[in-house]
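>>> sequence and predicted model, in that order:
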Amino acid sequence: MTIDQDKLMEFLHRFVGDLGATMAAGNVLVGDRLGFYRVLAERPMPPRELAERTGTATRYVDEWLRGQAAGGNPRGRRIGGAPAAWVSTARKGGTRQ
C-alpha cells in the first residue's frame, strides 16, 4: 500500500495543532481562575510582582508565562532586566469578551 505523503503531512500538521491547542486550553483556564489575565490587563509586570498580586508562587507564575509566550499569547518587554508580560486581550473581569 502506498501512503500519500502530502495527505499524511497535512494530517500530522492538523493533529499537532489540535494537540497544542488542547494543552494550551488548560493554561488559559488556570490563568483566568487565578486572576493572571485580570491583573496583567492593568499593566506589564515581572513574574514576581504578578505572583505577589495574585497570591501565587513566583516559580509557577514564571512557568505559566513561559507557556503563554510559547503559544504567542503575551505581548511583553523587559523591565529592569526581568521579563514582563501581559495579554492585550485581557479584560477587567478576567475573561475575554
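Received, thanks.
>>> all contacts plus neighbour counts: C-alpha atoms, from now on.
OK.
>>> any idea of the pLDDT on the spatially most central residue of the chain?
The chain has Q68 as the residue nearest its centroid, 2.0 Å off, counting by Cα atoms, centre = their mean. Model confidence at Q68, expressed as pLDDT, equals 81.
>>> same thing with V87?
Turning to V87, the model gives it a pLDDT of 45.
>>> equivalent analysis for M23, please.
For M23, the model assigns a pLDDT of 79.
>>> quick one, phi psi at it?
Phi and psi for M23, reported as degrees, to the nearest 10, are phi -70, psi -40.
>>> same question, M45
phi -160, psi 150.
>>> V30: neighbour count?
Residues within reach of V30, counting by other Cα atoms under 10 Å, total 14.
>>> how about it, secondary structure?
Classification of V30 by DSSP: H, G, I helix; E, B strand; the rest coil places it in helix.
>>> from L65, how far off is it?
Noted for V30: a distance of 11 Å to L65, by Cα to Cα, to the nearest Å.
>>> and stretch 54-69, which residues are buried?
58, 61-62, 64-69 (16 or more other Cα atoms under 10 Å).
>>> can you list contacts of that stretch?
24, 27, 31, 34-36, 39, 47-48, 50-52, 74, 85 (Cα atoms under 8 Å, 6 or more residues apart in numbering).
>>> so how far is F11 from the residue nearest to the centre of the chain?
Q68 sits at a distance of 25 Å from F11 (criterion: Cα to Cα).
>>> the contacts of stretch 54-69 in helices, which ones?
24, 27, 31, 36, 39, 47-48, 50-52 (DSSP state H).
>>> show me which of these are buried.
For the ones in helices among the contacts of stretch 54-69, buried by 16+ other Cα under 10 Å: 24, 31, 36, 39, 47-48, 50-51.
>>> with distance to V16 added, can I get those in a markdown table?
Supplementary listing: these in a markdown table, determined by distance: Cα to Cα, whole Å:
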| residue | distance to V16 |
| --- | --- |
| A24 | 12 |
| G31 | 23 |
| F36 | 27 |
| V39 | 31 |
| P47 | 29 |
| R48 | 32 |
| L50 | 31 |
| A51 | 31 |
